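Peer 1: can you look at this prediction? I've put the sequence above it.
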Amino acid sequence: MNKLMRHTEVVDAIPAGSTIAIGGSSLSRKPMSLVRALAARGAGDFRLIVDVGGPEVDLLLGTHKVSRVVYAFVGFEIMGLAPNFRRAREQQTAEFEEWTEFTVMAGLDATVKSVPFLPTHAGLGTDVLTVNPSFRLFEDPIGGETLVAVPALKPDFALVHVNLADPFGNGVILGDGHVDVLCAKAARHTILSAERIVSPEELQRYGRDVQIHRIHVDGVVEAAWGAHFTGCAPYYRADLAHVQEYLAAARTPATWEAYCSRYVTDVPADYILAVGGPEELVGKLEV
Amino acid sequence: MNKLMRHTEVVDAIPAGSTIAIGGSSLSRKPMSLVRALAARGAGDFRLIVDVGGPEVDLLLGTHKVSRVVYAFVGFEIMGLAPNFRRAREQQTAEFEEWTEFTVMAGLDATVKSVPFLPTHAGLGTDVLTVNPSFRLFEDPIGGETLVAVPALKPDFALVHVNLADPFGNGVILGDGHVDVLCAKAARHTILSAERIVSPEELQRYGRDVQIHRIHVDGVVEAAWGAHFTGCAPYYRADLAHVQEYLAAARTPATWEAYCSRYVTDVPADYILAVGGPEELVGKLEV
Amino acid sequence: MDYSVDELMITAMARELAGEVMVSSVTSLGALSAYLAKRTHAPELAVLSTPESGMEVTPMPTLTLGQFMTDAQQGIPLTMEDIFDAIFLDRFRIWINPAQIDRFGNVNITAIGPWASPRVAMVGSRGIPEDTSHLSAILYYVTNHSPRTVVERVDFRSGAGYGSERDRLLGQRGAPTRLVTNLGVFDFRGPDHSLSVVSLHPGVSREQVQEATAFPLSFAAEVYETPVPSESDLAIIRASDPLEVRKLEFLGGREAAERLVQIYERERQAMRAALWQNRGRFR
Amino acid sequence: MDYSVDELMITAMARELAGEVMVSSVTSLGALSAYLAKRTHAPELAVLSTPESGMEVTPMPTLTLGQFMTDAQQGIPLTMEDIFDAIFLDRFRIWINPAQIDRFGNVNITAIGPWASPRVAMVGSRGIPEDTSHLSAILYYVTNHSPRTVVERVDFRSGAGYGSERDRLLGQRGAPTRLVTNLGVFDFRGPDHSLSVVSLHPGVSREQVQEATAFPLSFAAEVYETPVPSESDLAIIRASDPLEVRKLEFLGGREAAERLVQIYERERQAMRAALWQNRGRFR
């Protein structure tokens, strides 16, 4: 029943070549401590699935851990484009599949519902259908309308960061849920990182904010500030100063390497110190 | 913005022949005061859609207001079979469509998602497919698997009973949600009855228990004990003594007519007095 | 220690439950078997306190009425979508109590006689078609094993047993795996996946169970005697259901309803006390 | 009273919003136009405080940063499913700020150059394909109207404009209805549903807007001057956005980011004060 793990155990459990769905949304509640742990290791060749991606995709691309990305969006919002994603797209150093926000949800939901596809009108009239052959046009069997068949997305692993979790894998999300419940349900194995581990009794007090249920969860990692430098509402905001540092570092190979050795190849505990330590983070990021 | 209505206004707004989806589940949180108001009027010819139905379907059938029922279940659980439903099925005095719990949800969800159908394996190998020609077998366009196409269910109206609502139509459900959110989203017009009307500011304090959103709601009726004689968790339980009275009354035409004139053709305020008055109800039904 | 048939059945049913799956509590026998399993060999079960919600109730409720009363219970609230997602993902178990079950494990809760003009219209197929197309364990129980309940062929297939349609469209997904009755425990390993006796309850003979069955039964190579509840099993069952709701499933419909109404008020009093401390977040 | 172009655009955008629909706040101009509309002619709007959640924030937030910060805001929490359901049901509006928009209202936020080997890889199509296949009002704005943003043909159709595919597969569902730029207000009632000038902002000439557009523009029979913000419009906008986040959308990317980081800390202080009273239910 006790599913508590360390970051290193999670890394060992995820083989190279795995398909990994990652929760959160652009600069919000990305499981960054788990992502850094994966970025720090040797093997990669991961196939990522994200709905609205950001630094997690960019960091894994920048550390050469990714062979393919399914995405509706990858970016840093008003802070700028995702530099490593942009480079990989432009230099074609990885494969990319253009999806959309709802179709990623529908692809995951198809796996949850145990059907090979779900139908939608979304994507008709756009070039998403032109560049992504995974989608098929078909005639609906009731009225003969032309629809898009969204194929099931089948992640081996899901990584999701939550506010609170109990050791059994129930998880509380207090801010926007993004597509995290779908990721957790659709993946064969789901790993949560959590700002804090609490007892099952305490967790139950959160009612409908208990959005992740343990029957879908295989591992739980305690990770205070685990979403940094993305935000984790309502606890802390995205660290935009660090986003600037990241974007500046990504401009040249030398600065990028320096960034990675300072922040990524260190163990998670040191990361918090490297970015200023808990007190400074509280001071600058808590609302 | 203010959507407050009276029961009589709701009845006037729903034309004969309408397709009506009803929330709740068997003996739980059925919008009984609205249903009684509909049962008391002249015209009917309603087409009902329920997932797990109970007294609401039975009462509308017993008062000859129904031409067709889409259902996964109609019954009184351990208290017995639904007497008027049973009679209407056996004597074929209305039309019935046999669905299942998930397919009713999927049929409503297809309407919400603006697609003509949703696919599933549910129903394969059962006689639900034999007796309900609405379902079509088809080959999935990705892998050629045989699936069931569940056609969209398109209610004109949804009736849903909630614990709390604000005058704009946001609704709080504190117990099990059943399929009420789907009903509210799928219907062209949704009417809520609520145990109590509260201010929008108070309602917001309920967080994720605010399950019904006003953009899907057209009318709100205040109805204390509005689910009686079904239950409304956590406020009050189903009134099993009244269930017994109902079932006994349904045995003969004379006793049934007496039941209806005592409880149904009265206006809603008198109903509460007829079943004993608020104090007695609190005493016997509050947990 | 003395036990009754309900307690024997609950104990046998509990043995079939294991794994990190949601277990729904539609009936008292189903709920009690889940509680018993969780407190003995399967602590990882995620037992619901209503058929659709209330996961992880801590401490366990001492009351066993199902969803149909929808009393507020603590625990983690779920949605119907969560329940069906768990079914489609095979992370769900439920003990189903059909009106009829046949030789090949088809079950009926819908109609006696033809569906369009039934002799007895029952309740509809509820969520059984979903279960019998997705779950790797399909669990049935019958409290009154007789030729009217264990039949040659169901009048209506509310749930898919074995047969050519299954072979063609479903394979093993959702196939029946277990039947527990007041006479014995059965699986579907007879010829062509037909019903077969695994164990007989103490004092039940092969002849007796055959006589109570509408078709010729198979028997496993070694038919054993159903193990009786241990003292600790009985203590758990009785503490979980002090008002003996479990006995109602063995009574006739109207008698059960009347007994229930009496128990209901006693239960309310008990629940009022148990829930009082947690009511803060409501009203 | 003096106004700036951002305020003029916000006022023009606000006029397009009405009805009981969710309005998402992905950008500051979009958010401010929704707040302004709600406080003037459209109180029934259900304005979100993040793109996915925080409906009915009471009182209105005085801060206009969108989702990407995901600060906690009061209001009714929604899910992504709620958002897309509202889109499919046409009960949703959003002001979209594309990198390119073309003559027939196709828009691009995905790539400059060919998709597979882009000159500039941007962000992906996000949820625009969903909007442009379902909503009855599709609203675009561009803060730097130029031949590089209002183009003859987009490099990639992230959102479906008019054309043969629309005619065949979608009809009017999700067709573009409005474009507001720093020069004027446009619809798609030109020949073959091409871009057409509805109004020009004060001081903007027909020649100027044509020069800023990569293809020959149509003009409505009567092109009027875009109405300027009233004093009360300006008061609402400025009170809602005291830190002037709205100005950032008119700056270059890096400059905007730097200014934002400064504003961000000031905003945090303000938010800290505003939210403090409601923090009880968290931690």
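Peer 2: Structure received.

Peer 1: for the rest of this, base every contact and every neighbour count on C-alpha atoms.
Peer 2: Will do.

Peer 1: return the residues of chain A in contact with chain B.
Peer 2: In this structure, chain A approaches chain B at residues A:113-121, A:136, A:138, A:140-143, A:149, A:151, A:208-209, judged by Cα under 8 Å from any Cα of the partner chain.

Peer 1: identify the residue spatially nearest to C:T110, adjacent ones excluded.
Peer 2: Once its chain neighbours are removed from consideration, C:T110 has its nearest residue in C:G124; the separation is 4.4 Å (Cα to Cα, 6 or more residues apart in numbering or on different chains).

Peer 1: out of the residues of chain A next to chain B, which end up buried?
Peer 2: By the neighbour-count criterion of 16 or more other Cα atoms under 10 Å in any protein chain shown, the residues of chain A next to chain B include these buried positions: A:113-121, A:136, A:138, A:140-142, A:149, A:151, A:208-209.

Peer 1: give me the below-cutoff pLDDT ranges for chain A.
Peer 2: Chain A contains residues with pLDDT under 70 at A:266-269.

Peer 1: coming back round to it: just the residues of chain A next to chain B: which are in helices?
Peer 2: Using DSSP state H, no member of those falls in helices.

Peer 1: about what we covered before: does the residue nearest to C:T110 touch B:F73 like I think?
Peer 2: Yes: between C:G124 and B:F73 there is a contact at 4.4 Å, judged by Cα atoms under 8 Å.

Peer 1: what sits in contact with each of these two?
Peer 2: B:T100 (Cα atoms under 8 Å, 6 or more residues apart in numbering or on different chains).

Peer 1: keep only the buried ones among the residues of chain A next to chain B that also lie close to chain D.
Peer 2: When Cα under 8 Å from any Cα is taken as the criterion, the members of those that contact chain D are A:H121.

Peer 1: go through chain C and flag its longest helix.
Peer 2: Of all the segments of type helix in chain C, defined by DSSP H, the longest one is helix C:253-276.

Peer 1: average pLDDT for it, rounded please.
Peer 2: Across helix C:253-276, the average pLDDT comes to 77.

Peer 1: and that helix, which residues are buried?
Peer 2: Under the neighbour-count criterion of 16+ other Cα under 10 Å, helix C:253-276 has C:A256, C:A257, C:E258, C:L260, C:V261, C:Y264, C:E267, C:R268, C:M271 buried.

Peer 1: ok, that helix near chain A or not?
Peer 2: No: using Cα under 8 Å from any Cα as the criterion, no contacts between helix C:253-276 and chain A are found, and the smallest distance is 13.6 Å.

Peer 1: quick one, helices of the chain?
Peer 2: Since no chain was named, I'll use chain A. With helices called from DSSP H, chain A shows them at A:7-13, A:32-40, A:55-62, A:83-91, A:101-112, A:128-131, A:180-186, A:200-204, A:240-249, A:253-263, A:268-274, A:277-285.

Peer 1: my bad, chain C
Peer 2: With DSSP H applied, chain C shows helices at C:5-14, C:28-39, C:80-88, C:128-131, C:164-169, C:206-211, C:231-240, C:253-276, listed in chain order.

Peer 1: now tabulate the helices of chain A in a markdown table and tack on mean neighbour count.
Peer 2: Listed next are these as a markdown table, based on neighbours: other Cα atoms under 10 Å in any protein chain shown:
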| stretch | mean neighbour count |
| --- | --- |
| helix A:7-13 | 15 |
| helix A:32-40 | 24 |
| helix A:55-62 | 26 |
| helix A:83-91 | 21 |
| helix A:101-112 | 25 |
| helix A:128-131 | 19 |
| helix A:180-186 | 27 |
| helix A:200-204 | 18 |
| helix A:240-249 | 17 |
| helix A:253-263 | 15 |
| helix A:268-274 | 17 |
| helix A:277-285 | 14 |
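
Peer 1: the most centrally placed residue in chain A - nearest residue in space that isn't next to it in sequence?
Peer 2: If you average the C-alpha coordinates of chain A and look for the closest C-alpha using Cα atoms, centre = their mean, you land on A:I22, 2.4 Å from that point. With Cα to Cα, 6+ apart as the criterion, A:I22 has its nearest non-adjacent residue at 5.0 Å, and that residue is A:L159.

Peer 1: OK, contacts around that neighbour?
Peer 2: Applying Cα under 8 Å, 6+ apart, one finds that A:L159 lies in contact with A:I20, A:A21, A:I22, A:G23, A:P31, A:L34, A:C183, A:A184, A:T190, A:I191, A:L192, A:S193.

Peer 1: what bridges to it?
Peer 2: Beta bridges link A:L159 to A:I22, A:I191, judged by DSSP bridges.

Peer 1: domain parsing for the chain?
Peer 2: Just so you know, I chose chain A. Following automatic domain parsing, chain A resolves into domains at A:4-98+A:154-285, A:116-151.

Peer 1: correction: the question concerned chain C.
Peer 2: Using automatic domain parsing, chain C is parsed into the domains C:5-250, C:252-283.

Peer 1: just say which of those domains is most tucked in.
Peer 2: When neighbours are counted by mean count of other Cα atoms under 10 Å in any protein chain shown, the highest per-stretch mean among the domains of chain C falls to domain C:5-250, a mean of 21.

Peer 1: what's the first-to-last distance across that one?
Peer 2: One end of domain C:5-250 sits 9 Å from the other (Cα to Cα, to the nearest Å).

Peer 1: same check on stretch C:122-136?
Peer 2: One end of stretch C:122-136 sits 27 Å from the other (Cα to Cα).

Peer 1: between the helices of chain C, which one is nearest to A:M79?
Peer 2: Across the helices of chain C, the minimum distance to A:M79, taken as Cα to Cα, is reached by helix C:80-88, at 36.6 Å.

Peer 1: hmm, who's touching that closest one?
Peer 2: A:112-114, A:185, B:102, B:177-179, C:21-22, C:52, C:92-93, C:130-131, C:134-135.

Peer 1: right, and A:Y271 touches A:Y263 too?
Peer 2: Yes: at 5.8 Å, A:Y271 and A:Y263 qualify as touching, with contact defined as Cα under 8 Å.

Peer 1: quick check, A:S67 in contact with A:I49.
Peer 2: No: counting by Cα under 8 Å, no contact exists between A:S67 and A:I49, whose distance comes to 11.5 Å.

Peer 1: list the residues that contact A:G169.
Peer 2: Applying Cα under 8 Å, 6+ apart as the definition, the contact partners of A:G169 turn out to be A:K3, A:L192, A:I212, A:H213, A:R214, A:I215, A:H216, A:V217, A:D218, A:G219, A:V220.

Peer 1: out of those, which sit inside strands?
Peer 2: Among these, the members found in strands (DSSP state E) are A:L192, A:I212, A:G219, A:V220.

Peer 1: surely the first one touches A:V162?
Peer 2: Yes: with contacts defined as Cα under 8 Å, A:L192 counts as touching A:V162 at a distance of 6.9 Å.
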